[in-house]
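J.: pasting a predicted model and its sequence here:
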Amino acid sequence: MIPGTVELLAFFALLLIAEVLGTVGGFGSSMLVMPLAGLFLPFEQALGLTAVFHVFSNAAKMFLFRQAASKRLLLWLGIPAVIGVLVGARLTFYLDQRVLALCLGIVLTTLALFLLAKRNWRLRATDRNAAVGGLLSGSIAGLAGTGGAIRGITLAAFDLEKLVFVSTSAWIDMGVDLSRSVVYAAQGYVTTDMVAYMPAMAVASLVGSWLGKRLLLRTPQERFRTIVLILVLVMGVLTTVQAFYGATH
């Protein structure tokens, strides 16, 4: 995974686009970064790269979206999410790579179809639902690399102002991604070669989050949300087909 100039520029461009779309869509960029990384890297390394990138991504959002985060949701959603991601990340050590890739594809496809079909569906805004949503989103993030959609569904129930929404999500996600990065590193998923990509990760996360914030302030979020969900659906189908094909050959 030693990048040349062309590969590094292509990698930077993909991260930048994913970060912009993820910020505006409200799900975070992992729903796009993880399947994209999985096309070029072994699944375990894609998990490691996605987790490390999202540490930079969350730091950028915490800086750019400095509105006060919801303390209630940091407690009821954030703590269960961290517990879930520690369990999910550890389980990846025992599961087959193709099974995990297939799970990722199915999760992305199912969530995208559900959210496209049920645009006005909302959870009840209760502490119990926040805790369950946090545990599920963290567990799936640990196992498959992306839990942003479930976290987004859960946060949406509490009708937060959109900038507070992003800020709260970033604080929770920082705990999730730092936790799983430690577990992935201990399991060998974060390689020394990834250091070469870290400057591109840092710049893409900051620039992408800044551009996403500008778009979020100027344009109705629902329009971008639909575009992001369609892209996620395409990536989910491609990931599922690729994993299924690999499992049968």
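T.: Right, received. Where do you want to start? Residues are numbered from 1 along each chain as shown.
J.: low-confidence ranges in this protein?
T.: 1-5, 26, 221-222, 224-225, 228, 245-249 (pLDDT under 70).
J.: next, the contact list for the spatially closest residue to Leu77 that is not a sequence neighbour, please.
T.: Among residues not flanking Leu77 along the chain, Gly134 sits closest, at 3.9 Å (C-beta to C-beta, 6 or more residues apart in numbering). C-beta: built from backbone N, CA, C; applies to glycine. Neighbour list for Gly134: 76-81, 84, 151, 154, 172 [criterion: C-beta atoms under 8 Å, 6 or more residues apart in numbering].
J.: quick one: contacts for the most centrally placed residue in the chain?
T.: Central residue of the chain (C-alpha atoms, centre = their mean): Ser30, 2.6 Å from the mean position. Counting by C-beta under 8 Å, 6+ apart, Ser30 makes contact with 22, 50, 54, 141, 145-148.
J.: now with 7 Å?
T.: Contacts for Ser30 (C-beta atoms under 7 Å, 6 or more residues apart in numbering) come out as 50, 54, 145-146, 148.
J.: and Ser209, by the same measure?
T.: 19, 23, 57, 60-61, 64.
J.: circling back: with adjacent residues omitted, what lies nearest to the residue nearest to the centre of the chain?
T.: Among residues not flanking Ser30 along the chain, Thr146 sits closest, at 4.0 Å (C-beta to C-beta, 6+ apart).
J.: tell me, how many residues neighbour that neighbour?
T.: 29 (other C-beta atoms under 10 Å).
J.: so who does it touch?
T.: By C-beta under 7 Å, 6+ apart, the neighbours of Thr146 are 30-31, 34.
J.: tell me what the lengthiest helix in the chain is packed against?
T.: Counting residues, the longest helix in the chain under DSSP state H turns out to be helix 221-247. Packing partners of helix 221-247 (3 or more C-beta pairs under 7 Å, 6 or more residues apart in numbering; DSSP states H and E): helix 5-25, helix 30-40, helix 97-117.
J.: distance of Phe43 from Ser179?
T.: According to C-beta to C-beta, to the nearest Å, Phe43 and Ser179 sit 19 Å apart.
J.: and these two? which has more neighbours close in?
T.: Phe43 (25 against 21).
J.: still on that earlier bit, adding neighbour count, write the contacts of Ser209 out as a markdown table.
T.: Supplementary listing: those in a markdown table, determined by neighbours: other C-beta atoms under 10 Å:
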| residue | neighbour count |
| --- | --- |
| Glu19 | 30 |
| Thr23 | 31 |
| Ser57 | 31 |
| Ala60 | 24 |
| Lys61 | 29 |
| Leu64 | 18 |
